[in-house]
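Novice: predicted model, plus sequence, below.
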Amino acid sequence: MPGKSKAVDSGNELRDAVAALGVELGLRAETEVAVGRRVWGARRRIDVVLKHPESRLSLGIECKYQGTTGSAEEKIPATIQDIRAWPIRGIVVYAGAGFSSNMESYLLSTGMAVDIADLKPWLELYFGL
């Protein structure tokens, strides 16, 4: 995606950057949180769970990075569906130049996705910071 800064280079870096931003904002952050099972029996893990220490409001975040054009974006609709089964509210945070404009439009249309570049103000609004 032209004009976007390249803040991270992998999915793990994205996960760690999201958790670090949460801590910077005064939230508690946990990574790779196990929560139940998927339809086919695999253990479900949420990449990052942020929790406001006073209000106890929580948010699960699935981190998706795609540096080049490829098949990772094909998993996005299933990811959105999986988030709907979480016991807490969840979003997808995405980064990388490899997402097609169609996939970015789809992500934004769900109301459940935020570009990493827009995450800080989104979290401030969600948690009332």
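Specialist: Nice, thanks for sending it over.
Novice: for burial, what's the neighbour tally of residue 113?
Specialist: 22 (other CB atoms under 10 Å). For every residue, glycine as well, the C-beta is placed using N, CA and C.
Novice: which pLDDT does the model give it?
Specialist: What the model reports as pLDDT for residue 113 is 94.
Novice: how about residue 2?
Specialist: For residue 2, pLDDT reads 38.
Novice: got the buried residues for the lowest-mean-pLDDT helix or strand in the chain?
Specialist: In the chain, no helix or strand scores lower on mean pLDDT, DSSP states H and E than helix 76-83, which sits at a mean of 87. By 16 or more other CB atoms under 10 Å, the buried positions in helix 76-83 come out as 76, 79-80, 82-83.
Novice: swap in stretch 102-117?
Specialist: For stretch 102-117, by 16+ other CB under 10 Å, it's 103-104, 106-107, 112-116.
Novice: ok, then the element right after the strand or helix carrying residue 46?
Specialist: Assigned by DSSP states H and E, residue 46 belongs to strand 43-51. Next helix or strand after strand 43-51 toward the C-terminus (DSSP H and E): strand 58-65.
Novice: just the C-alphas of that following strand, formatted as CSV.
Specialist: Listed next in CSV are the C-alpha coordinates belonging to strand 58-65 (Å, rounded to 0.1, in the frame of the first residue of the first chain):
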residue,chain,number,x,y,z
SER,A,58,-10.9,-6.2,27.3
LEU,A,59,-10.1,-6.4,23.6
GLY,A,60,-8.7,-9.3,21.6
ILE,A,61,-6.5,-8.5,18.7
GLU,A,62,-5.6,-10.8,15.8
CYS,A,63,-2.4,-9.5,14.1
LYS,A,64,-2.1,-10.1,10.3
TYR,A,65,1.0,-9.1,8.4
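Novice: and the strands in this structure?
Specialist: Assigned by DSSP state E, the strands in the chain fall at 28-37, 43-51, 58-65, 90-95, 113-115.
Novice: which elements pack onto the third one?
Specialist: So the one you mean is strand 58-65. Here strand 58-65 touches helix 11-24, strand 43-51, helix 76-83, strand 90-95, helix 119-127, going by 3 or more CB pairs under 8 Å, 6 or more residues apart in numbering; DSSP states H and E.
Novice: before we move on, what about the shortest one?
Specialist: Using 3+ CB pairs under 8 Å, 6+ apart as the contact definition, the elements that strand 113-115 packs against are strand 90-95.
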